[in-house]
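Novice: please work out how this folds:
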Amino acid sequence: MDVEELAKEAVDCGFKLHKELGPGLLESVYEILLAAALAERGLIVARQVSVPISYRGVVVDNAFKIDLLVEQSLVIELKSTERESALYPKQLLTYLRLMDLPLGLLMNFGQETFKQGIQRVMNNHRES
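Specialist: Presented below is the predicted three-dimensional model:
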């Protein structure tokens, strides 16, 4: 399954989750439930994936953690807040660049509707 198909599956699962439970739960609850919904569709999902970075010879083992990594291809960053922040998509883009992955989804379950809380982030700086 390519990354666009993975994204469609993830958006469908996220939409159904938000529709059935609505906003207001902890981010960790949405993470567990979304991971389970994706796994039910036969996808391999890893939660809280530690990713190291190396800069000028210094390695930071746990530089960041990815909320969900689907099929080693799609990063999903989860939030559960009413407040939007310009930092969230930038954070996701940094993850994509450091991991050399093409696409990530920012899902903020704290918004009134799922459509208000979903955002695609593309890594346009991938190395060939």
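Novice: where does the prediction get shaky in this protein?
Specialist: Within the chain, the segments meeting pLDDT under 70 span 125-128.
Novice: for the residue nearest the centre of the chain, what are its contacts?
Specialist: Centroid-nearest residue in the chain, with Cα atoms, centre = their mean: Ile76, separated by 1.0 Å. Ile76 sits next to 10, 34, 66-70, 104-105, 107 when contact means Cβ atoms under 8 Å, 6 or more residues apart in numbering. Heads up, the C-betas are built off the backbone N, CA and C, glycines and all.
Novice: the protein: strands as residue ranges?
Specialist: According to DSSP state E, the chain carries its strands in the segments 45-55, 58-70, 74-79, 103-108, 118-122.
Novice: in a markdown table: those, plus distance to Leu25.
Specialist: Formatted as a markdown table, those follow (distance: least, Cβ to Cβ, whole Å):
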| stretch | distance to Leu25 |
| --- | --- |
| strand 45-55 | 16 |
| strand 58-70 | 14 |
| strand 74-79 | 11 |
| strand 103-108 | 12 |
| strand 118-122 | 16 |
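Novice: go through these and name the closest to Glu20.
Specialist: strand 103-108 (14.6 Å; Cβ to Cβ).
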